[in-house]
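Asker: Can you look at this prediction? I've put the sequence above it.
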Amino acid sequence: MLYLRRFSKYISENKDTNTYQEIEFVCHNSDYSDSTNRERQMELYKDLKELQKSSDNKALPYIQDFCDDSHDEYSLAVIIMDDGIIGKVKELSKEHGIEIDLYHDVSNEKVDKIIRGDMYDNLLD
C-alpha cells in the first residue's frame, strides 16, 4: 500500500504530463503453444515490481487475468512514468525471453484507475 501512496503522490506532482507510455508484453494463452511461458511471465512481473520499488515508482507493472473455464490467459503490461527506465524494462524483457507486443500512450486517468483498482476487475496482485 505504501507504494501506491508514493505512486499517487508522484502522479499528483507531475500533473503537467498528460500521458505515459505503456509497454504490453506478449500474453500467456493456454490455447497457443507459442504464447509466453507463464512461469517466465511471473518472473518478469516480479522483476518489474522490484524495478518499481528501486526506481521510486517510475514503473507501474500489472497483470490481468482473462482466464475462463476453457483456457488460461494472462496479460502483463507496465506503464512507464519516466523514460529513463525504458532501457531497463527492455533489458528485463530480453533477459526473461518475453517479447514486447506493443507500445502506446495511456492517460493519467488510466494510471489513477489502475492504482485505485477500479480500472479492471481482473487485476492480479
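Answerer: Yep, it's here.
Asker: CA atoms for contacts and neighbours, from now on please.
Answerer: Will do.
Asker: those helices in the chain, which residues are they?
Answerer: When assigned using DSSP state H, the helices of the chain occupy the ranges 2-13, 38-54, 86-96, 108-116.
Asker: Make TSV from those helices and add mean neighbour count, mean pLDDT and distance to residue 24 to it.
Answerer: Shown next, in TSV, are the helices of the chain (neighbours: other Cα atoms under 10 Å; pLDDT from 0 to 100; distance: least, Cα to Cα, whole Å):
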stretch	mean neighbour count	mean pLDDT	distance to residue 24
helix 2-13	14	56	20
helix 38-54	17	97	12
helix 86-96	15	97	11
helix 108-116	16	81	14
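Asker: Including distance to residue 32, could those go into CSV?
Answerer: What follows is the helices of the chain, written out as CSV (distance: least, Cα to Cα, whole Å):
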stretch, distance to residue 32
helix 2-13, 34
helix 38-54, 12
helix 86-96, 19
helix 108-116, 28
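Asker: Which one of the ones you listed lies nearest to residue 19?
Answerer: Smallest distance to residue 19 across the helices of the chain (Cα to Cα): 6.0 Å, for helix 108-116.
Asker: and that closest one, what does it pack onto?
Answerer: helix 2-13 (3 or more Cα pairs under 8 Å, 6 or more residues apart in numbering; DSSP states H and E).
Asker: swap the cut-off to 10 Å and go again
Answerer: helix 2-13, strand 19-25, strand 59-65 (3 or more Cα pairs under 10 Å, 6 or more residues apart in numbering; DSSP states H and E).
Asker: count of neighbours near the closest residue in space to residue 29 that isn't next to it in sequence?
Answerer: Nearest non-adjacent residue to residue 29, counting by Cα to Cα, 6 or more residues apart in numbering: residue 73, 4.3 Å away. The number of residues packed near residue 73 is 19, by other Cα atoms under 10 Å.
Asker: ok, residue 73 - contacts?
Answerer: Counting by Cα atoms under 10 Å, 6 or more residues apart in numbering, residue 73 touches 27-32, 35-36, 38, 64-67.
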